[in-house]
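**Q** Structure of the sequence below:
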Amino acid sequence: MMIKVCGMRDIENINLLQELDIDFMGIIRYSKSKRFVDDSQKEKVALQTMNKGTVGVYVNETLENILQDFIPLQLDVIQLHGDEDPAFAKALLEIDIKVFKAFQINETFDFKSLEPWEKLASEFTGKLFFLFDTATPNYGGSGKKFNWSILDSYNGEVPFLLSGGISKDDAKAVKEIKHDMLLGVDLNSKFEKEPGVKNIEEIKTFIEKLRK
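**A** Next up is the predicted model:
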C-alpha cells in the first residue's frame, strides 16, 4: 500500500516526513490552495535533497509553468488536479515523467468517462495513475470523504490512489477495501496541525496500522 502525503511546504516538516516510510510527497503549486507553495517557498524547497518521490500538484496550469518547476523541485510525478484533458497529460508523459490524474468523485460520477484516460494509460504502461478525490468546487482540500462503496463501480485497469478526508482513524477501513486497482492512499488535511504542517507522529502511527 503506497503512501502519499500532500500539501508539504515547511522545510523542517518536510525533512521530518522524509524519515518516515512513505512513497510520495506532494508540493502544491495551485495559488488558491491553503497549502500553496509560492515562488519564494519554492526556492527554499528546491534546496532540499528529496529522498522520496516528489509530486508537483497543479490545477489547470500551463505546460510551460509546470516544466519550469520540473528541475528545481526535483519532480518525479506531475499530479493534474483540474480539468486537464488526455492530450495535455500525454504531452507530459512523452517527456518520460509519471502522471497522477485526479478525478472528483461523487454519487453521480460515471467511471465510463475515464475510457480515454485508460486508453492513454495503455500507451504509457506504468506511467499514468488515477487519484480519486472527493468532489468539491475548489479542486480538493475539502477534508471530506466520498462514499467509498462507489469504487465498486470502477472496473478499469489503471491503479488509483484514494484521497479525500482520510484520517488517523481510517487505517482499518482502508484495509477493508478489496479493490484490485487500489494502489495506496493520499493523506493531507486530516493529519495537519495547520495548513501545510503535518503531525508526523500521527502519520507514522497511521502507516504502522495500515501496513501491519
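**Q** Wasn't residue 16 part of a helix?
**A** Yes - counting by DSSP: H, G, I helix; E, B strand; the rest coil, residue 16 is part of a helix.
**Q** In contact with it, which residues?
**A** residue 200 (C-beta atoms under 8 Å, 6 or more residues apart in numbering). For every residue, glycine as well, the C-beta is placed using N, CA and C.
**Q** How much space separates it from residue 191?
**A** 12 Å (C-beta to C-beta, to the nearest Å).
**Q** hang on, residue 57 packs against residue 31?
**A** No - counting by C-beta atoms under 8 Å, residue 57 stays clear of residue 31, with 11.8 Å between them.
**Q** secondary structure class for the spatially most central residue of the chain?
**A** The centre of the chain sits closest to residue 186, judged by C-alpha atoms, centre = their mean, with a distance of 5.5 Å. Three-state call for residue 186 (three-state DSSP): strand.
**Q** Could you list the low-confidence segments of this structure?
**A** Counting by pLDDT under 70, the chain has low-confidence residues at 141.
**Q** Strands of that one, start to end?
**A** Using DSSP state E, the strands found in the chain span residues 2-5, 24-28, 53-58, 77-80, 98-105, 128-134, 160-162, 182-187, 192-194, 197-198.
**Q** what packs against the first one?
**A** Applying 3 or more C-beta pairs under 8 Å, 6 or more residues apart in numbering; DSSP states H and E, one finds that strand 2-5 makes contact with strand 24-28, strand 182-187, helix 200-211.
**Q** Please apply the same query to the shortest one.
**A** Counting contacts by 3+ C-beta pairs under 8 Å, 6+ apart, the secondary-structure elements packed against strand 197-198 are helix 11-17.
**Q** Name the nearest residue to residue 106, ignoring sequence neighbours.
**A** Closest residue in space to residue 106, ignoring its immediate chain neighbours: residue 135 at 4.0 Å, by C-beta to C-beta, 6 or more residues apart in numbering.
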